[in-house]
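K.L.:
What follows is a protein structure lacking sequence information:
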Ligand code: ATP
(Lines give C-alpha, C1' and ligand atoms only; values in the text may rest on other atoms or scores of the structure.)
Protein backbone atom coordinates (compact mmCIF):
# COMPACT_ATOMS: atom_id res chain seq x y z
CA UNK A 1 0.00 0.00 0.00
CA UNK A 2 1.15 3.48 -0.85
CA UNK A 3 2.22 5.75 1.93
CA UNK A 4 4.24 8.93 2.16
CA UNK A 5 6.76 9.67 4.89
CA UNK A 6 8.36 13.07 5.34
CA UNK A 7 11.08 13.23 7.95
CA UNK A 8 12.74 16.31 9.46
CA UNK A 9 12.50 18.15 6.15
CA UNK A 10 14.11 21.57 5.90
CA UNK A 11 13.95 23.71 2.77
CA UNK A 12 15.43 27.03 1.73
CA UNK A 13 15.00 29.42 -1.15
CA UNK A 14 18.50 30.90 -1.06
CA UNK A 15 18.67 32.62 2.33
CA UNK A 16 14.91 32.23 2.96
CA UNK A 17 14.18 29.25 5.23
CA UNK A 18 10.75 28.06 4.16
CA UNK A 19 10.45 24.76 6.08
CA UNK A 20 12.16 23.69 9.31
CA UNK A 21 12.34 20.08 10.34
CA UNK A 22 8.85 19.13 9.15
CA UNK A 23 7.75 15.51 9.61
CA UNK A 24 4.48 14.19 8.24
CA UNK A 25 2.81 10.94 7.23
CA UNK A 26 0.15 10.14 4.69
CA UNK A 27 -0.88 6.56 5.50
CA UNK A 28 -2.09 4.41 2.62
CA UNK A 29 -5.63 5.30 1.63
CA UNK A 30 -5.83 8.41 3.84
CA UNK A 31 -6.74 12.02 3.18
CA UNK A 32 -4.34 14.25 5.10
CA UNK A 33 -4.66 18.02 5.16
CA UNK A 34 -2.00 20.64 5.80
CA UNK A 35 -3.43 23.94 7.01
CA UNK A 36 -1.69 27.24 7.44
CA UNK A 37 -1.85 30.89 6.45
CA UNK A 38 -0.09 32.68 3.61
CA UNK A 39 3.57 31.89 3.45
CA UNK A 40 3.39 29.08 6.03
CA UNK A 41 5.20 26.72 3.65
CA UNK A 42 2.34 24.58 2.33
CA UNK A 43 3.19 24.84 -1.37
CA UNK A 44 6.86 24.38 -0.55
CA UNK A 45 6.07 21.05 1.10
CA UNK A 46 4.18 19.80 -1.97
CA UNK A 47 6.93 21.01 -4.31
CA UNK A 48 9.45 19.06 -2.28
CA UNK A 49 7.39 15.87 -2.63
CA UNK A 50 6.86 16.34 -6.38
CA UNK A 51 10.54 17.25 -6.80
CA UNK A 52 9.67 20.53 -8.50
CA UNK A 53 11.44 22.78 -5.96
CA UNK A 54 14.29 23.55 -8.32
CA UNK A 55 11.86 25.24 -10.73
CA UNK A 56 11.31 27.73 -7.91
CA UNK A 57 14.99 27.94 -6.97
CA UNK A 58 14.40 26.11 -3.76
CA UNK A 59 16.43 23.26 -2.28
CA UNK A 60 16.12 20.62 0.41
CA UNK A 61 18.72 21.40 3.06
CA UNK A 62 17.96 18.50 5.38
CA UNK A 63 15.65 15.54 5.90
CA UNK A 64 14.08 12.93 3.66
CA UNK A 65 10.92 11.98 1.77
CA UNK A 66 9.95 8.45 0.88
CA UNK A 67 6.99 6.89 -0.86
CA UNK A 68 6.23 3.24 -0.28
CA UNK A 69 9.54 2.97 1.53
CA UNK A 70 11.43 4.22 -1.50
CA UNK A 71 13.33 7.51 -1.18
CA UNK A 72 12.15 10.19 -3.62
CA UNK A 73 15.38 12.16 -3.18
CA UNK A 74 17.26 12.29 -6.46
CA UNK A 75 14.28 11.45 -8.67
CA UNK A 76 13.19 13.75 -11.49
CA UNK A 77 9.63 15.16 -11.42
CA UNK A 78 8.70 12.71 -14.21
CA UNK A 79 10.04 9.79 -12.17
CA UNK A 80 7.94 10.90 -9.21
CA UNK A 81 4.85 10.86 -11.45
CA UNK A 82 5.90 7.43 -12.70
CA UNK A 83 6.10 6.29 -9.06
CA UNK A 84 2.44 7.27 -8.68
CA UNK A 85 2.68 10.69 -7.00
CA UNK A 86 0.91 13.40 -9.00
CA UNK A 87 0.51 17.06 -8.10
CA UNK A 88 -2.31 19.44 -8.99
CA UNK A 89 -0.52 22.77 -8.66
CA UNK A 90 -1.91 25.91 -7.09
CA UNK A 91 -3.75 28.00 -9.67
CA UNK A 92 -4.68 24.95 -11.82
CA UNK A 93 -2.15 25.74 -14.58
CA UNK A 94 -4.11 24.12 -17.37
CA UNK A 95 -2.81 24.58 -20.91
CA UNK A 96 -5.14 27.44 -21.84
CA UNK A 97 -4.69 27.30 -25.60
CA UNK A 98 -5.07 23.56 -25.86
CA UNK A 99 -8.44 21.82 -25.95
CA UNK A 100 -9.88 20.18 -22.87
CA UNK A 101 -9.34 16.78 -24.49
CA UNK A 102 -5.68 17.53 -25.25
CA UNK A 103 -5.12 18.70 -21.67
CA UNK A 104 -6.42 15.35 -20.45
CA UNK A 105 -4.30 13.45 -22.97
CA UNK A 106 -1.24 15.34 -21.73
CA UNK A 107 -1.95 13.99 -18.26
CA UNK A 108 -1.73 10.44 -19.61
CA UNK A 109 1.86 10.89 -20.79
CA UNK A 110 3.18 9.74 -17.39
CA UNK A 111 4.76 6.31 -17.29
CA UNK A 112 1.96 4.75 -15.22
CA UNK A 113 -0.67 5.77 -17.77
CA UNK A 114 -0.41 2.36 -19.41
CA UNK A 115 -1.83 0.93 -22.63
CA UNK A 116 -4.35 2.59 -24.94
CA UNK A 117 -7.11 0.62 -23.30
CA UNK A 118 -6.05 1.86 -19.86
CA UNK A 119 -5.88 5.46 -21.09
CA UNK A 120 -9.40 5.12 -22.52
CA UNK A 121 -10.60 3.68 -19.21
CA UNK A 122 -9.00 6.58 -17.31
CA UNK A 123 -10.69 9.06 -19.65
CA UNK A 124 -14.06 7.38 -19.10
CA UNK A 125 -13.58 7.64 -15.38
CA UNK A 126 -12.63 11.34 -15.57
CA UNK A 127 -15.70 12.00 -17.73
CA UNK A 128 -17.86 10.17 -15.21
CA UNK A 129 -16.50 12.29 -12.37
CA UNK A 130 -16.71 15.51 -14.40
CA UNK A 131 -19.30 15.23 -17.21
CA UNK A 132 -18.66 18.85 -18.16
CA UNK A 133 -15.18 17.85 -19.40
CA UNK A 134 -16.79 15.45 -21.90
CA UNK A 135 -19.30 18.03 -23.05
CA UNK A 136 -16.60 20.64 -23.59
CA UNK A 137 -13.87 18.31 -24.84
CA UNK A 138 -13.16 20.29 -28.01
CA UNK A 139 -13.13 23.72 -26.41
CA UNK A 140 -9.99 25.55 -25.44
CA UNK A 141 -9.26 25.08 -21.76
CA UNK A 142 -8.80 28.82 -21.29
CA UNK A 143 -12.51 29.34 -21.96
CA UNK A 144 -13.59 27.23 -18.97
CA UNK A 145 -14.71 28.84 -15.72
CA UNK A 146 -12.38 28.73 -12.72
CA UNK A 147 -14.25 25.78 -11.24
CA UNK A 148 -14.21 23.90 -14.52
CA UNK A 149 -10.48 24.56 -14.85
CA UNK A 150 -10.00 23.08 -11.38
CA UNK A 151 -11.94 20.02 -12.54
CA UNK A 152 -9.72 19.82 -15.61
CA UNK A 153 -6.57 20.10 -13.51
CA UNK A 154 -7.84 17.29 -11.29
CA UNK A 155 -8.91 15.24 -14.30
CA UNK A 156 -5.51 15.71 -15.94
CA UNK A 157 -3.80 14.47 -12.78
CA UNK A 158 -6.12 11.45 -12.62
CA UNK A 159 -5.12 10.50 -16.18
CA UNK A 160 -1.69 9.63 -14.74
CA UNK A 161 -3.43 7.06 -12.45
CA UNK A 162 -2.00 8.45 -9.21
CA UNK A 163 -1.68 6.42 -6.04
CA UNK A 164 -1.06 9.65 -4.13
CA UNK A 165 -2.60 12.93 -5.23
CA UNK A 166 -1.05 16.21 -4.08
CA UNK A 167 -3.65 19.01 -4.12
CA UNK A 168 -2.56 22.62 -3.67
CA UNK A 169 -5.48 24.83 -2.57
CA UNK A 170 -8.15 23.42 -4.86
CA UNK A 171 -10.77 25.79 -3.42
CA UNK A 172 -8.78 28.94 -4.21
CA UNK A 173 -10.97 31.56 -5.86
CA UNK A 174 -13.99 29.28 -6.18
CA UNK A 175 -17.56 30.01 -5.10
CA UNK A 176 -18.55 27.95 -2.02
CA UNK A 177 -20.83 25.66 -4.03
CA UNK A 178 -18.12 24.85 -6.55
CA UNK A 179 -15.59 24.32 -3.74
CA UNK A 180 -18.04 21.86 -2.16
CA UNK A 181 -18.41 20.01 -5.47
CA UNK A 182 -14.64 19.70 -5.80
CA UNK A 183 -14.44 18.48 -2.21
CA UNK A 184 -17.04 15.79 -2.86
CA UNK A 185 -15.06 14.62 -5.86
CA UNK A 186 -11.89 14.42 -3.78
CA UNK A 187 -13.77 12.14 -1.39
CA UNK A 188 -14.88 9.98 -4.31
CA UNK A 189 -11.36 9.79 -5.73
CA UNK A 190 -10.08 8.76 -2.31
CA UNK A 191 -12.80 6.14 -1.90
CA UNK A 192 -11.62 4.61 -5.18
CA UNK A 193 -8.20 4.00 -3.62
CA UNK A 194 -6.05 7.12 -4.10
CA UNK A 195 -4.37 8.66 -1.05
CA UNK A 196 -4.57 12.45 -0.87
CA UNK A 197 -2.31 15.12 0.59
CA UNK A 198 -4.36 18.31 0.54
CA UNK A 199 -2.95 21.73 1.28
CA UNK A 200 -5.42 24.41 2.30
CA UNK A 201 -5.36 27.90 3.63
CA UNK A 202 -8.79 27.55 5.15
CA UNK A 203 -10.12 24.88 7.32
CA UNK A 204 -13.80 24.00 7.71
CA UNK A 205 -14.48 21.62 4.83
CA UNK A 206 -10.82 20.56 4.58
CA UNK A 207 -11.03 19.22 8.14
CA UNK A 208 -14.22 17.35 7.26
CA UNK A 209 -12.51 15.71 4.28
CA UNK A 210 -9.37 14.60 6.05
CA UNK A 211 -8.63 11.95 8.63
CA UNK A 212 -5.45 13.69 9.86
CA UNK A 213 -4.38 17.29 9.85
CA UNK A 214 -1.20 19.27 10.32
CA UNK A 215 -1.02 22.99 10.95
CA UNK A 216 2.04 24.76 9.56
CA UNK A 217 3.13 28.06 11.02
CA UNK A 218 6.10 29.88 9.56
CA UNK A 219 7.60 26.70 8.19
CA UNK A 220 7.10 24.51 11.26
CA UNK A 221 4.46 22.00 12.35
CA UNK A 222 2.60 23.84 15.11
CA UNK A 223 -0.18 21.28 15.64
CA UNK A 224 -1.08 17.86 14.35
CA UNK A 225 -3.59 15.15 15.06
CA UNK A 226 -6.81 13.52 13.99
CA UNK A 227 -8.84 15.97 11.92
CA UNK A 228 -11.91 15.60 14.14
CA UNK A 229 -9.85 16.35 17.25
CA UNK A 230 -8.19 19.38 15.69
CA UNK A 231 -11.55 20.65 14.45
CA UNK A 232 -12.80 20.43 18.05
CA UNK A 233 -9.76 22.05 19.66
CA UNK A 234 -10.25 25.55 20.97
CA UNK A 235 -7.12 26.85 19.34
CA UNK A 236 -8.02 25.60 15.86
CA UNK A 237 -11.62 26.72 16.24
CA UNK A 238 -10.54 30.19 17.22
CA UNK A 239 -7.58 30.67 14.90
CA UNK A 240 -8.51 28.67 11.82
CA UNK A 241 -12.27 28.30 11.88
CA UNK A 242 -13.08 31.72 13.29
CA UNK A 243 -15.40 30.31 15.95
CA UNK A 244 -15.65 31.77 19.44
CA UNK A 245 -16.45 29.89 22.66
CA UNK A 246 -20.13 30.63 22.11
CA UNK A 247 -19.95 28.79 18.81
CA UNK A 248 -20.60 31.84 16.66
CA UNK A 249 -18.08 33.07 14.10
CA UNK A 250 -16.00 35.91 15.47
CA UNK A 251 -16.01 38.56 12.76
CA UNK A 252 -12.68 40.05 13.73
CA UNK A 253 -10.99 36.65 13.70
CA UNK A 254 -12.64 35.14 10.67
CA UNK A 255 -10.72 36.23 7.62
CA UNK A 256 -12.63 35.61 4.40
CA UNK A 257 -10.13 33.03 3.23
CA UNK A 258 -10.97 30.78 6.15
CA UNK A 259 -14.55 30.51 4.98
CA UNK A 260 -13.89 29.36 1.47
CA UNK A 261 -14.62 25.73 2.23
CA UNK A 262 -17.70 26.50 4.33
CA UNK A 263 -21.11 25.47 3.10
P1 LIG B 1 0.43 30.59 0.09
O2 LIG B 1 -0.86 30.06 0.56
O3 LIG B 1 0.54 32.07 0.17
O4 LIG B 1 0.87 30.03 -1.24
P5 LIG B 1 2.23 28.75 1.39
O6 LIG B 1 1.90 28.24 2.75
O7 LIG B 1 2.00 27.85 0.25
O8 LIG B 1 1.51 30.12 1.17
P9 LIG B 1 4.90 28.90 0.43
O10 LIG B 1 4.51 29.41 -0.92
O11 LIG B 1 5.35 27.51 0.54
O12 LIG B 1 3.75 29.16 1.46
O13 LIG B 1 6.02 29.88 0.99
C14 LIG B 1 6.77 29.64 2.17
C15 LIG B 1 7.85 30.70 2.34
O16 LIG B 1 8.80 30.59 1.28
C17 LIG B 1 7.32 32.14 2.26
O18 LIG B 1 8.09 32.91 3.16
C19 LIG B 1 7.59 32.53 0.85
O20 LIG B 1 7.77 33.93 0.74
C21 LIG B 1 8.87 31.80 0.53
N22 LIG B 1 8.95 31.44 -0.90
C23 LIG B 1 8.08 30.68 -1.61
N24 LIG B 1 8.49 30.53 -2.88
C25 LIG B 1 9.65 31.22 -2.99
C26 LIG B 1 10.58 31.45 -4.07
N27 LIG B 1 10.38 30.93 -5.28
N28 LIG B 1 11.67 32.22 -3.81
C29 LIG B 1 11.85 32.75 -2.57
N30 LIG B 1 11.05 32.55 -1.53
C31 LIG B 1 9.94 31.82 -1.72
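P.N.:
Structure received. Given the structure is predicted, the values throughout are model-derived calculations rather than measurements.

K.L.:
The chain: strands as residue ranges?
P.N.:
4-13, 16-26, 31-35, 59-67, 70-71, 85-88, 164-168, 195-200, 212-217, 220-226 (DSSP state E).

K.L.:
Distance to the ligand, mean pLDDT and mean neighbour count for the ones you listed - can I get that in CSV?
P.N.:
Just so you know, the C-beta spots here come from the backbone N, C-alpha and C atoms, and that holds for glycine as well. Below are the strands of the chain laid out as CSV (distance: least, C-beta to the nearest ligand atom, whole Å; pLDDT from 0 to 100; neighbours: other C-beta atoms under 10 Å):
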stretch, distance to the ligand, mean pLDDT, mean neighbour count
strand 4-13, 3, 97, 18
strand 16-26, 4, 97, 19
strand 31-35, 8, 96, 26
strand 59-67, 11, 96, 16
strand 70-71, 22, 94, 10
strand 85-88, 13, 94, 26
strand 164-168, 7, 96, 25
strand 195-200, 7, 94, 26
strand 212-217, 6, 94, 22
strand 220-226, 11, 94, 16
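
K.L.:
For the stretch 51-200 of the chain, what lies in contact range of the ligand?
P.N.:
Proximity of the stretch 51-200 of the chain to the ligand (C-beta under 6 Å from any ligand atom) is limited to residues 56-57.

K.L.:
Quick check, the residue in the stretch 51-200 of the chain closest to the ligand?
P.N.:
Of all residues in the stretch 51-200 of the chain, residue 56 sits closest to the ligand, at 3.8 Å by C-beta to the nearest ligand atom.

K.L.:
doesn't residue 48 make contact with that residue?
P.N.:
No - taking C-beta atoms under 8 Å as the definition, residue 56 is not a contact partner of residue 48, at 10.3 Å.
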